Structure formats: C-alpha cells, structure tokens
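Asker: Build the 3D model from these lines:
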Amino acid sequence: MQDTIVAISTPPGEGAIGIVRISGTDALSIINKIFRTKLGEPVRITPRKVHLGNITDPATGIPLDEVLVTFMKAPNSYTTQDVIEINCHGGPIVLKNVLDLITTCGARIAAPGEFTLRAFLGGRIDLAQAEAVMDVIRSRTDRACRVALSQLKGELSELIDRLREDLLDFILQLEVRMDFCEDDVAPLDADFKNKRVKEIINEIDKILASFEKGKIFREGLRTCIAGPPNVGKSTLLNTLLGKERAIVTHLPGTTRDSIEETINLKGIPLVLIDTAGIRKSNDLVENIGIKRTMEEAENADVVILVLDASIPEVPDLAEMIGFAAPEKTMLVLNKTDLGVNYPRRFLEGIFPAERLSLIHISEPTRLLSISYAVFCLK
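Answerer: Model prediction:
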C-alpha cells in the first residue's frame, strides 16, 4: 500500500481513448513533473476537475501526447489513495510511452487486480464486492451484468451481515441463560430454539444455492454437443450460432478438435462445445479428439447427445454414450426426415424413464427448440 502504482486501465489495441491510472502517495507529485500546458508551463491541478495539457518528458521537453488529467484526492477515490487518471489518445505506442515515463518518475507497474485490492484493503469495498468487480467486467449478458452489479452494490454483503447479526443475537440469548441460569431469566422454549435454528439454516442454504446460479452467470452454462460421427453435431452448432463456425461435410470424423462458442440464452451465457464424433478409430489425431470429447462431456453442465434417428442400431453405442451422466444429458434425434428407427429399448436401459424425453429434429428451423430445452434442463 506504500508504493505508488500505475497501469493502463483500458483494453489492449487501438481506440479513441486510452486511460493510464496512477494510485499512491506520490501520484500527485509524479503528474506535476510531467504535466504541462501547451506553452510548457506547470498546471495547477485541483481535485475533481478535468485539466487539459500535454504529458511532457522533463528530460527532453518533448510532449508525448495531449491529454486530459483528473485528480481524485484521498480518501475520496476508488483505492482510497490519491488517484490520477490520464485520458490519452488510444494508440498502444502512446500509452506505452506515457506508462514508461511515469515508471521512470518513481511509480511501479501494478499487479493484476491491485487497484481493487487497495480498494478492499482501504475499506472502501468488502471481499464480496471486490470479487464482483471482475464479474461486472466479464459479464457476457445483461442478466449476468445485473447479478454482478447487485453484488457490487453490496446486496450479498448486507444479506450475510444480517445473517451474522441474527446468529450473534441467538448465541447471546443462549449464553445469557447459561450464565444466569440461577437467576430469574426464563429459559428459551425448545420449539422456539428449533424453529430459529431451522430459519437460520434455511437462510444459509439460500446463500449457498445462489453460488451455483452466480457461477452459471459468470462462467456460462457449458453445453457439450456429443455423439457418434456424422449425426449432425456441427450443423446443430452452426444453426444455434446463426453462422458457419464449424466445417460440415458428409464424411465421418470431419471434426477432430473441440470448437467453443457462446450464445445468449434468455440472459444466460450458453457455452456451446462441438466435439469430435465418438467411435473406434485407428487414427491417432482422431483418437486425441475423441479423448477430448470425453473430457468435455465429463466437465460440462449439460450434454446434448445427438443420435441419427434413421439408424436402428449403432455398433458399440453403449460404450460410446457411457460417458454421458443421465442427470445432465438431453437426447436429440436428428435426421428424422429419413425415418425414426432409433434403438429406444436400448436407451431406456441406460437413461431413467423420466429422463428419456427425446427431441426430434431435422430441419434447421426446428433446432431452436433445443436451446429452450437446455434452459429448462438446467
């Protein structure tokens, strides 16, 4: 917390504006060394005002860029320290030159997340809010962003604080009756104690249950599209994405590596993973792809198992779909326009009757029902 740190706060690449941020006790003195008017005179920097001028190398007197500088005085800043924000032109060379100049004046490059760490250590935000900062930045849907913003505002922290106060109050009541049992303190009713404990446990369970929901919003619902070769897995991926992402041919084994893309499903990031067709093969590269398919299916939240509806028997089908956990697997019968002859009796032996809800598809326009089914499944 004693060092003065600096970092580029905008994403890499070209842009209209790039921001360099300085935080620490020496932030103001550093900017006073390098910030000048167009006439080369020092700029009197006051808090919460935007100042126009040039970042100038004091050794050579050469301006590096025309910028806007804002000063936020401690403790009224994000990190609770003195913070300087420099709005430069968004070219990577300009930003690098300004960053290098600031480091030569005494600042060091900030570690990843160090500005937020200082905000946490300074007491401006708590740990839950600090974690929510990255969730807001990485949000891939509007709903995910709203969930992260609610945590950033402190809603989760308030819930935990309230639960903590309830627990302390309940413990206090118990301790009072233990310490003053010989006095005229009435004992707690057993039914009241049991009811209160159950209420507290239910509140804790709700918080724990919200973790899975938050995890899906943060990381997306990983959905593995798996099945034998040439059943239409890549076509399904392309149709759900609305673009030709995966190569599609009539030849089995076209897809040899996993392809991952994300779509927005009712506000939930749905991470679609197209995988290599599962079959026995002597091809080394294809076998590596099949092994990855097994791994993706094992780690996925949902598995879309695609089968060819027109084929009554598939050799080694039991071995091929043994990786698919029934509780997270959705069965899809493709190519139903060629006839429906799939081995239902065999599937009933693997998947419980309540899970054997097959989705029949053939034309691309009908594939949209799959996205809704994935949503319902989870």
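
Asker: give me the number of residues near Ile93?
Answerer: The burial count assigned to Ile93 is 10, neighbours taken as other Cβ atoms under 10 Å. From N, CA and C alone the C-beta is placed, and that goes for glycine too.

Asker: Secondary structure element holding it?
Answerer: Secondary structure assigned from DSSP states H and E places Ile93 in helix 92-104.

Asker: could you say what helices and strands that helix packs with?
Answerer: Judged by 3 or more Cβ pairs under 8 Å, 6 or more residues apart in numbering; DSSP states H and E, the packing partners of helix 92-104 are strand 5-8, strand 15-23, helix 27-34, strand 63-72, strand 83-90.

Asker: Arg48: which of the ones you listed is closest?
Answerer: Arg48 lies closest, by Cβ to Cβ, to one member of those: strand 63-72, at 6.8 Å.

Asker: what's that closest one packed up against?
Answerer: With contacts defined as 3+ Cβ pairs under 8 Å, 6+ apart, the packing partners of strand 63-72 are helix 27-34, strand 35-36, strand 50-56, strand 83-90, helix 92-104.

Asker: List the strands paired with it, with their directions.
Answerer: Note on strand 63-72: by DSSP bridges, its sheet partners are strand 50-56 (antiparallel), strand 83-90 (antiparallel).

Asker: so the shortest one versus helix 27-34, what angle?
Answerer: When axes from the mean of the first three to the mean of the last three Cα atoms, to 10 degrees is applied, the directions of strand 50-56 and helix 27-34 differ by 60 degrees.

Asker: In terms of helices and strands, where is the closest residue to Lys153 other than its chain neighbours?
Answerer: In space, and not counting its chain neighbours, Lys153 is closest to Gln129: 8.0 Å by Cβ to Cβ, 6 or more residues apart in numbering. Element membership for Gln129, per DSSP H and E: helix 127-137.

Asker: quick check: mean pLDDT across that helix?
Answerer: The average of the pLDDT scores along helix 127-137 is 81.

Asker: Pull out the buried residues from it.
Answerer: Buried residues in helix 127-137, counting neighbours by 16 or more other Cβ atoms under 10 Å, are found at 128-133, 135.

Asker: Arg108 against Gln2, yeah?
Answerer: No. Arg108 lies out of contact with Gln2 (Cβ atoms under 8 Å); the separation is 11.0 Å.

Asker: higher neighbour count, the two?
Answerer: Arg108 (14 against 6).

Asker: Show the contacting residues for the more buried one.
Answerer: Neighbouring residues of Arg108 by Cβ atoms under 8 Å, 6 or more residues apart in numbering: 3-6.

Asker: I'd like to know which of the residues you listed are buried.
Answerer: Neighbour counting with 16+ other Cβ under 10 Å marks 4-6 as buried within the contacts of Arg108.

Asker: most centrally placed residue in the chain?
Answerer: Centroid check for the chain by Cα atoms, centre = their mean gives Arg218 as the closest residue, at 2.9 Å.

Asker: Tell me who's in contact with the nearest residue to it once chain neighbours are set aside.
Answerer: Distances taken as Cβ to Cβ, 6+ apart put Asp135 closest to Arg218, at 5.4 Å, once the chain neighbours are dropped. By Cβ under 8 Å, 6+ apart, the residues touching Asp135 are 144, 147-148, 151-152, 214, 217-218.
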